[in-house]
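> for reference, the sequence and a predicted model appear below.
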Amino acid sequence: MRKPTDVAIIGAGPYGLSLAAHLNAAGADIRIFGKPLDTWRNHMPRNMLLKSEGLASSLSSPRAGSRLEDYCAKLGLAYQDHDLPVPLEQFNAYATTFQQRFVPELEDVLVTSVTRADGLFEVALSTGETLRARNVVSAVGITAFAHIPPMLSALPACALSHSFDHRDAGQFAGKEVVVLGAGASAIDTAALLDDCGAKVTIVARDGAIRFHSPPDPDAGSLLKTIQKPPTGIGPGWRSFFCVHLPLVFHKLPEALRLRAVRMHLGPAPGWFMRERIQGRIPALLGHHLQGASLKGGRVALEVRGPDGATSLACDHIVAATGYRVNLERLGWLDGALRARIAQVQNTPILADTFESSVAGLYFIGPAAANSFGPLMRFMVGAEFAAPRVAGVLLRNLTRTQAKAA
């Protein structure tokens, strides 16, 4: 039987590719599976601008020339650490170059199951192959975790979709579409629909669309830096703590960590989206969804706002209602194995090494947020998670090899 792989990585987004790049640099025996950059390539509105700053839009590698800044400099593309939004297509081109250079062995196949047997993991692939691995790292992003409010779940697919489903929106030209939500996904999707000729209405519980603040010309001054230090997830001391001290965050009481993850950095579109929305797309803010049904081929919505109940009719609803990590939705994770994972709010409880309660099974990316903080919901979090997990795995593998010798 073929020798077990040291590390199997499931997921080929920023976290999976970054971890693979660090392990490759150390000469580790790895295999990595997944559709490369699927969320970014196929599930974000075309012509979108990244909300993350240039400084926070790089994948992580220990090798020189791996950052977005390096890529842009080589091609003569405009780049700034702050205040210059990164076009989605530019990021995708950079990330593809990163993958081809630092993770060329990426296998564009899906993992269908992961089980545990005889101290090893058995990983089954969509190709029919089954391999054994000493360690498995789940680096999946948001793909499996799109959340749709239960009161909408009875609507047919022709009347309901999630913002994750829309890179393009040409099929909605001339249609009336309601977008639920006021965060970045909602606003980006509403602008995409408007560009494609749809008649769009935004409906949100929040009483305002909380756009990020536009660039402050005094942001670099000593006073502003002290008041609101810049970070890869936004300015402010709370964000500074989350970005620079994730291991301290990990040591906080569980209730405090869960509250911080839930409350810090709520829905907020980029500052550059304000002019594409205000005065162009109507919004019912401070309105709560009460019910939805299909009547005569149209969607009838009941919402309640400050002035009472309101009825709306549209051709389609796009639920830009975010993502909720739930291990039950990872269909490849064997039920018996999943039952052995200590959890809180359907997410894994992780050691400070990102290892779950199942030895050798690690989680990085959004699934690690309740253990390490809001940083894990952002691409820039890979700059902490990838080298840390790679270091742990390499040390463990070295000890295992020494014992075997």
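Received the coordinates, thanks. Remember, it's a predicted structure, so these values are computed and weren't measured experimentally.
> CA atoms only: put the helix or strand of the chain with the lowest mean pLDDT into PDB for me.
In the chain, the helix or strand scored least confidently by mean pLDDT, DSSP states H and E is helix 222-227, which has a mean of 83. Extracted in PDB, the C-alpha atoms of helix 222-227 (Å, rounded to 0.1, in the frame of the first residue of the first chain):
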ATOM      1  CA  LEU A 222       0.800  60.300  14.900                       C
ATOM      2  CA  LEU A 223      -2.400  61.400  16.600                       C
ATOM      3  CA  LYS A 224      -4.700  59.500  14.300                       C
ATOM      4  CA  THR A 225      -2.500  56.400  14.400                       C
ATOM      5  CA  ILE A 226      -2.700  56.500  18.200                       C
ATOM      6  CA  GLN A 227      -6.500  57.000  18.200                       C
END
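> packing partners of the next helix or strand after it?
Using DSSP states H and E, the helix or strand that follows helix 222-227 towards the C-terminus is helix 237-244. With contacts defined as 3 or more C-beta pairs under 8 Å, 6 or more residues apart in numbering; DSSP states H and E, helix 237-244 has these neighbours: helix 246-251. C-beta coordinates here come from the backbone N, C-alpha and C atoms, glycine included.
> not counting its neighbours along the chain, what's nearest Val243?
Thr231 (4.4 Å; C-beta to C-beta, 6 or more residues apart in numbering).
> swap in Val344?
Among residues not flanking Val344 along the chain, Asn370 sits closest, at 6.0 Å (C-beta to C-beta, 6+ apart).
> isn't that neighbour right up against Arg259?
No. Under the criterion of C-beta atoms under 8 Å, Asn370 is not in contact with Arg259, lying 10.5 Å apart.
> which residues does Glu355 bridge with?
Tyr362 (DSSP bridges).
> distance-wise, check it relative to Val392.
7 Å (C-beta to C-beta, to the nearest Å).
> give me the more crowded residue out of the two.
Between Glu355 and Val392, Glu355 has the larger neighbour count (other C-beta atoms under 10 Å), namely 20 against 17.
> the more buried one reaches Ser371, doesn't it?
No. Using C-beta under 8 Å as the test, Glu355 is too far from Ser371 to be in contact (10.4 Å).
> re earlier: what's the neighbour count on the residue nearest to Val243?
22.
> Leu294 belongs to a strand, doesn't it?
Yes. Assessed by DSSP: H, G, I helix; E, B strand; the rest coil, Leu294 belongs to a strand.
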